[in-house]
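Undergrad: Here is my input, please return the structure:
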Amino acid sequence: MEKRQRESWGSRIGFILAAAGSAIGLGNIWRFPYMAGSNGGSAFILIYFVFALVIGLSIMIAEFAIGRRTGLAAVGAYKSINKNWTFAGVLGILTAFFIMGFYPVVGGWALAYVVKSVTGLLSNAGSIADAFGGFISSPVEPLIWMGIFLAMNIFIVARGIAGGIEKASSILLPTLFVLLILIALRSITLPGAGAGIEFLFKPDFSAVTGQTFLAALGQAFFSLSLGMGCMITYGSYLSKSKNLPSNALIVTLMDTIVAILAGLAIFPAVFAYGMEPTAGPGLVFVVVPTIFAEMGALGILFSVIFFIALTVAALTSSISLLEVVTAYLIDERGMERKKAVYISGTIMLVTGIFSSLSLGVMSDVKFLGVGAFDFFDILTDKIFLAIGGLLLAIFVGWVVKKEDLEDELTNGGTIKFPLFNVWYNLIKYVIPVAISIVAIMGIISIEQTSLMIFGLAIIGVLAIFSKKL
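TA: Residues are numbered from 1 along each chain as shown. Take a look at the predicted model:
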């Protein structure tokens, strides 16, 4: 098969915005505030920040290095270095694919709420919770919004790296920052908002437990799009002149800033209106709209802005997940980009339909004890992501040659990376242990034992047959 010219990023800032967009997603605006609210507020944020800079940043640097060193996406990157590790790359592809089995459903919800904000959703604050339940269990309406959201993904990724993903990220990510700043400014100026600001920035270490550390480590790891092949794939499109450690640091900091902005957008308003900061999964689609409903006419405007921001965050992450699967079909199966995107998108549409319907008319249809939505969510969040990150750390620390890593991270000695030995020891010794703890805790927390066994069995099968993949 003739090797085609590989696409590349058009500029450094374009790559940074695309990589940051991949990291910044629903987890920053929904999961981060919820996790902070459930684990002691600012004490959790401080612990998370340390983990993000030490562990998250280290893994991101490793993924960038492997991707650029090989010039291949996840499967090819592992296979070209050691064929026995092909299964780790396939796991990354599978993880991205499974996440896209439910992620467009939630992205569709966010998109729908942009419209619902101006069509009566906020007219009765007391009915918002029931409205959300009725919406997600509907057999048709959520599917339409999911289809629109997925079509946006397909349109962007089909246009390529520089002309599609980079261009879209260069518009979407600055837009996200501006929208979140607008919401945060309104939130912190509400009467009584000071309690929410204090909740975010005044540490209460008496609330810290071992669970807080585990939650912070898990959030730092998962929010940076690590362990699913995204950063390996994005790194594979980088030129040899780019500074990988500094780019990874910028992406990590941007991801953290957005998470904190989301906290400022939500918690001051939550406290100002006497809501519960530990509201959990309903925080974004029930509590936040209820707050906007209490603001009157101005609340409609801010609700539209907030859900546009949420949609943008979902979109910048989901295009990277679609690109992971697309890049595999291009690199390993020799497909043209558009054909690869259309095939991937069509299969994701089918899985998304099952995920959405599992919350309503197909709620009685179970696979290993859970519906399709929960199946994809639990399998990736609790098993595949953590193990994927663990395998990456072991692979880089124990399989890839140290001198090759140093050569890649210093651009052949033309730039300095003074902390290389510190980074290398972290990735080789410390991080595998830390991620193992998260992986074990995540797996044992799964109530569906059969689902846990199924997930681990998939990884085992991939490992056994890795040479044939």
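Undergrad: which SS state does Asn411 fall under?
TA: coil (DSSP: H, G, I helix; E, B strand; the rest coil).
Undergrad: Skipping adjacent residues, who's closest to it in space?
TA: Lys240 (6.2 Å; CB to CB, 6 or more residues apart in numbering). Every residue, glycine included, has its C-beta placed from N, CA and C.
Undergrad: now Ile136
TA: Nearest to Ile136 is Leu359, by CB to CB, 6+ apart, at 5.0 Å.
Undergrad: in which helix or strand would I find the one you found?
TA: Leu359 is part of no helix or strand when elements are defined by DSSP states H and E.
Undergrad: From what I see, it and Gly134 are in contact.
TA: No: taking contacts as CB atoms under 8 Å, Leu359 lies outside contact range of Gly134: 11.0 Å.
Undergrad: Compare neighbour counts for these two and give me the winner.
TA: Ranked by neighbour count (other CB atoms under 10 Å), Leu359 and Gly134 place Leu359 first, with 20 against 12.
Undergrad: Now do the same contact list for that one.
TA: Ile136, Ser137, Pro142, Gly371, Phe373 (CB atoms under 8 Å, 6 or more residues apart in numbering).
Undergrad: sorry, back to before: need the phi and psi values for the residue nearest to Ile136.
TA: Here is the backbone geometry of Leu359 (degrees, to the nearest 10): phi -90, psi 0.
Undergrad: Need the pLDDT of it.
TA: Note for Leu359: predicted pLDDT of 93.
Undergrad: Could you do the one 4 residues further on as well?
TA: pLDDT for Ser363: 91.
Undergrad: Can you classify the residue lying closest to Phe395 once chain neighbours are set aside by secondary structure?
TA: Sequence neighbours aside, Trp85 is the residue nearest to Phe395 in space, at 5.7 Å (criterion: CB to CB, 6+ apart). Reducing the assignment at Trp85 to three states with three-state DSSP gives helix.
Undergrad: ok, Trp85 touching Trp398?
TA: No: using CB under 8 Å, Trp85 makes no contact with Trp398, being 10.5 Å away.
Undergrad: ok, residues contacting the helix or strand containing Ala293?
TA: Per DSSP H and E, Ala293 falls inside helix 288-294. With CB under 8 Å, 6+ apart as the test, helix 288-294 has contacts from 113, 117, 121-125, 128-129, 132, 266, 269-270, 272-273, 275, 299-300, 302-303, 306.
Undergrad: Now the buried members of these.
TA: Among the contacts of helix 288-294, those classed as buried by neighbour count (16 or more other CB atoms under 10 Å) are 113, 117, 121-122, 125, 128, 132, 266, 269-270, 272-273, 275, 299-300, 302-303, 306.
Undergrad: now, which of those lie within helices?
TA: Members of the buried ones among the contacts of helix 288-294 lying in helices (criterion: DSSP state H): Tyr113, Ile128, Phe132, Ile266, Ala269, Val270, Ala272, Gly299, Ile300, Phe302, Ser303, Phe306.
Undergrad: can I get the residues you listed in CSV with pLDDT?
TA: Shown next, in CSV, are these (pLDDT from 0 to 100):
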residue, pLDDT
Tyr113, 96
Ile128, 92
Phe132, 92
Ile266, 86
Ala269, 88
Val270, 85
Ala272, 88
Gly299, 90
Ile300, 93
Phe302, 92
Ser303, 93
Phe306, 91
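Undergrad: In CSV, list the residues you listed along with distance to Ile59.
TA: Listed next are these as CSV, based on distance: CB to CB, whole Å:
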residue, distance to Ile59
Tyr113, 33
Ile128, 38
Phe132, 35
Ile266, 27
Ala269, 34
Val270, 32
Ala272, 37
Gly299, 40
Ile300, 41
Phe302, 36
Ser303, 36
Phe306, 31
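Undergrad: coming back round to it: with just CA atoms, put the helix holding Ala293 into CSV.
TA: The C-alpha trace of helix 288-294 is given here as CSV (Å, rounded to 0.1, in the frame of the first residue of the first chain):
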residue,chain,number,x,y,z
VAL,A,288,-28.3,25.6,36.7
PRO,A,289,-31.5,26.1,34.6
THR,A,290,-33.4,26.6,37.8
ILE,A,291,-31.0,29.3,38.8
PHE,A,292,-31.4,31.0,35.4
ALA,A,293,-35.2,30.8,35.8
GLU,A,294,-34.9,32.7,39.1
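Undergrad: Return the distance of stretch 223-243 from the chain's centre.
TA: For stretch 223-243, the distance from its own C-alpha centre to the chain's C-alpha centre is 14 Å (CA atoms, centre = their mean, to the nearest Å).
Undergrad: How about that stretch, which residues are buried there?
TA: Neighbour counts using 16+ other CB under 10 Å place 223-238, 242-243 of stretch 223-243 among the buried residues.
Undergrad: Would you mind writing the CA trace of that stretch as PDB?
TA: Below are the C-alpha coordinates for stretch 223-243, written out as PDB (Å, rounded to 0.1, in the frame of the first residue of the first chain):
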ATOM      1  CA  SER A 223     -10.300  15.600  32.200                       C
ATOM      2  CA  LEU A 224      -7.200  15.800  30.000                       C
ATOM      3  CA  SER A 225      -8.300  13.200  27.400                       C
ATOM      4  CA  LEU A 226      -5.600  10.800  28.400                       C
ATOM      5  CA  GLY A 227      -5.500   7.000  27.900                       C
ATOM      6  CA  MET A 228      -7.800   7.100  24.800                       C
ATOM      7  CA  GLY A 229      -5.400   7.800  22.000                       C
ATOM      8  CA  CYS A 230      -6.400  11.400  21.400                       C
ATOM      9  CA  MET A 231      -3.100  13.000  22.400                       C
ATOM     10  CA  ILE A 232      -1.100  10.300  20.600                       C
ATOM     11  CA  THR A 233      -3.100  11.000  17.500                       C
ATOM     12  CA  TYR A 234      -2.900  14.800  17.700                       C
ATOM     13  CA  GLY A 235       0.900  14.500  18.400                       C
ATOM     14  CA  SER A 236       1.300  12.400  15.300                       C
ATOM     15  CA  TYR A 237       0.400  15.400  13.200                       C
ATOM     16  CA  LEU A 238       3.100  17.700  14.800                       C
ATOM     17  CA  SER A 239       6.200  18.900  13.100                       C
ATOM     18  CA  LYS A 240       9.600  18.000  14.700                       C
ATOM     19  CA  SER A 241      10.300  21.700  15.500                       C
ATOM     20  CA  LYS A 242       7.500  22.100  18.100                       C
ATOM     21  CA  ASN A 243       8.400  22.100  21.800                       C
END
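Undergrad: All set, thanks.
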